[in-house]
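Chemist: here is my input; please provide its structure:
(2 chains)
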Amino acid sequence: MGKKDEKKKKQKLDQEPDILDDDDEDEEDSEVYLEYDINKANFGRRDLAAAIAKLHEAELALKREYIGIDNIIERLIYNITPWYLFPQLQIRPCINCLWGMTGSGKTTLIRSLANELEIPIIETDVGSFTDAERIDYSLHSNFQKKSGEQFIILLDDIHIARTINESGHESQSSAIRALWSLLSDGKISINKSYDHYWIMNNLEDAWSGWQNRDPEKTYESSKFVLKYKPDLVNSYEFTLDLDTVKSALGFLKKSDMLNDYLARLRSEDFGIIVQGLLQELAGQDKQITMDFTKSAIMVCGNLDELYSAARDLNPDASADDMHRWSKHLTVPDVKDALLDRFRPEQISRFGNNHLIYLAFTSQNYKDIILKDLDRIKEYYSKISDIELVFTQTVLDILYDEGVFPSQGVRPVLTTVSSFIEPVVARIQTEIFCGDGEFKGEKVTRIEFSYEKKVEEVKAVVYCESGNIHERRYYASLNIEKLRRPIFDDKHVNIAIHEAGHAVIAYSLGNKPIKATTFSPNANNSGYVEDAWRDNSYYTRDILFREMVIGYGGYIAEQLFFGKDLLTTGSGYDLASATKIASQFVNHWGFARGSFVATLGQESDS
Amino acid sequence: MDEEGQLRMICDEAMAKAVEICSLHKAAILDLANDLLKVESLDSDQIEAVMVRNEVPFGEPLGTKQKFLEILSDNGLEPPAPDSI
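Modeler: Predicted coordinates for the structure are as follows:
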């Protein structure tokens, strides 16, 4: 190829949209693309163009469906592109690991991806396998026929399938042993002896029953392939069930001949067929290898310990703070967290495509609520032509009641469905039934708002006639009620306590972000959120200041109320400060004088 | 000094600092507590307003990495050019 041709080829390749062009099939272009042996990868040019377009459409659809994870979707689509376009070129599975907090939508994302790409998906809950129900047997019984095909394997809840237990010892479970060869080279070898034995046993029973049958009696062949109904003493009952026949033909790679076999088994050929199956199976190899090299393996797991505040179930924990902190997470952090659960060589088999979910921001949660309300609007607009409007008060109350930043999307969606959906359903039912003041009215619009003081959802119904009706529905608050100020002795004490923390924090250069004396969390009546959470490492100076801030509540209480009126509320603060001081002395060498480390203790003990 | 003595010394030092700041800004604590009792929560701006009103100075913000760089720069460390790493 001359320089001119090479230049021409490069230009063609740069013109990506040309691939999609119907009229672009002249000989000159074919020469360019033949260089890439696309046909050998079982793709014609038009197929390839369609596949690229499908990937692009999938990416857009997923971004529309999921909020706050655009970066995850982009990386996932990028990572799977070679697998999706050229599966035949794959010599091992395409592995992607998705890590996040609970309820961040990892599993549903993979299901949606499979749906968008129209690729079959095999879902396995890896955490559920036991020695009796092993992953290799499960894949074999359910998916043997997919061996060698292109599909997605979802290995869900991998964090539960630990090989290192909570005490740090290895747990010897054979349930997921095959998982490691699946991740390593995409192949699983299974000793078929158990299944083989089971099938042979059933066939031998049937064969023996057939031989001892009473030729005068009848047989039924409805639910079972064949069932002899004995009515004589000492006669022999036998059945040959469909599962045995299917499994036997699966072993013999004759699954496509099931109907032929069933027809013959229901005739006088029964004995010949059963005997033939027995002979063929007796000559089978004992090892079966399942080939998953053409698959994309999606490993999903919750690594809550990665997210510093994931165990903080306080709904007033800051979503934005958690999001900001989660931005610091790296692949080595993931691998470190995995070390508590898996051996190093097992972690290496997860590969390096680790997609780390960021914690949702407060705006993400608001968008999730809006999207779910849109779903309700769309549904009712379809069935009734009534426009639903949710005012800001509804959005606010759904956020305040539904968002637990460490718990992800689920609490938010269940709050929408339990808080607002029943109200919408009730008023729609009243309108549909045309009872009372809605008789003869054509309703065009319903506007919903929430009134906190009376805990009621107000629905203002606008009719074509110009009439406006109002309905009110009691919708009890659960979380928000706990945040309401109550002016009593206890809260006055808490206010002074929290103010003490805040004033010290401010004067030590740690600006408080939020302060409250009312927390929905029963274990924590008030708190001051500060700005130092973002530190990736700490100096003596920072930690000493943390100790001083920690003492702030205790000292303020003492200053205003005296020693006799000190409360137990400072217990946690004092313990935390003492813990830091202890680590100053025993672990970090921060104390004055010589330092002798205390060995054999965890640094955070 | 033994381990317990060292521990006690650090705690006493931190406690003394807390007493010093709280005593100095007792009025600010009361003012902030008063505001806290009126609303569900105070945000960063509202807290700062109370501090400014009571003339509580904002302490020296802490740096870690930047601080180390600054110290070494004072001692002659030349930062590498951005594209040389």
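Chemist: what helices and strands are in contact with the helix or strand bottoming out on mean pLDDT in chain B?
Modeler: Using mean pLDDT, DSSP states H and E, helix B:65-74 stands out as the lowest-scoring helix or strand of chain B, at a mean of 76. Packing contacts for helix B:65-74, counted by 3 or more CB pairs under 8 Å, 6 or more residues apart in numbering or on different chains; DSSP states H and E, involve no helix or strand. Glycine gets a C-beta too; all of them are placed from N, C-alpha and C.
Chemist: can you give me the buried ones in it?
Modeler: Counting neighbours by 16 or more other CB atoms under 10 Å in any protein chain shown, one finds that helix B:65-74 has no buried residues.
Chemist: centre of the chain versus that helix, how much separation?
Modeler: How far helix B:65-74 lies from its chain's middle: 20 Å, per CA atoms, centre = their mean, to the nearest Å.
Chemist: over to stretch A:155-171?
Modeler: Centroid separation between stretch A:155-171 and its chain, computed with CA atoms, centre = their mean, is 18 Å.
Chemist: tell me how far the ends of it are from each other?
Modeler: 20 Å (CA to CA, to the nearest Å).
Chemist: if you count neighbours, what's buried in that stretch?
Modeler: Quick answer for stretch A:155-171 (16+ other CB under 10 Å): A:155, A:156, A:157, A:158, A:159, A:161, A:162, A:163, A:164.
Chemist: what sits against residue A:151?
Modeler: For residue A:151, the contact set (CB atoms under 8 Å, 6 or more residues apart in numbering or on different chains) comprises A:119, A:120, A:121, A:122, A:294, A:295, A:296.
Chemist: go through those and give me the one with the most neighbours.
Modeler: Comparing those on neighbour count, residue A:295 comes out first with 29 neighbours (neighbours: other CB atoms under 10 Å in any protein chain shown).
Chemist: circling back: closest one of the buried residues of stretch A:155-171 to residue A:557?
Modeler: residue A:159 (41.9 Å; CB to CB).
Chemist: name the nearest residue to that closest one, ignoring sequence neighbours.
Modeler: Using CB to CB, 6 or more residues apart in numbering or on different chains and skipping the chain neighbours, the partner closest in space to residue A:159 is residue A:301 (4.0 Å).
Chemist: that older thread, filter the buried residues of stretch A:155-171 down to just the ones in strands.
Modeler: Mapping the buried residues of stretch A:155-171 onto strands (DSSP state E) picks out A:155, A:156.
Chemist: farthest-apart pair in the buried residues of stretch A:155-171, please.
Modeler: Applying CB to CB across the buried residues of stretch A:155-171, the maximum distance is between A:156 and A:164, 19.7 Å.
Chemist: and the pLDDT at the most centrally placed residue in chain B?
Modeler: Nearest to the geometric centre of chain B sits residue B:59, at 5.3 Å (CA atoms, centre = their mean). For residue B:59, the model assigns a pLDDT of 88.
Chemist: secondary structure class for it?
Modeler: Following DSSP: H, G, I helix; E, B strand; the rest coil, we place residue B:59 in the coil state.
Chemist: isn't it right next to residue A:503, touching?
Modeler: No: assessed by CB atoms under 8 Å, residue B:59 is found out of contact with residue A:503, at 10.8 Å.
Chemist: all set now, cheers.
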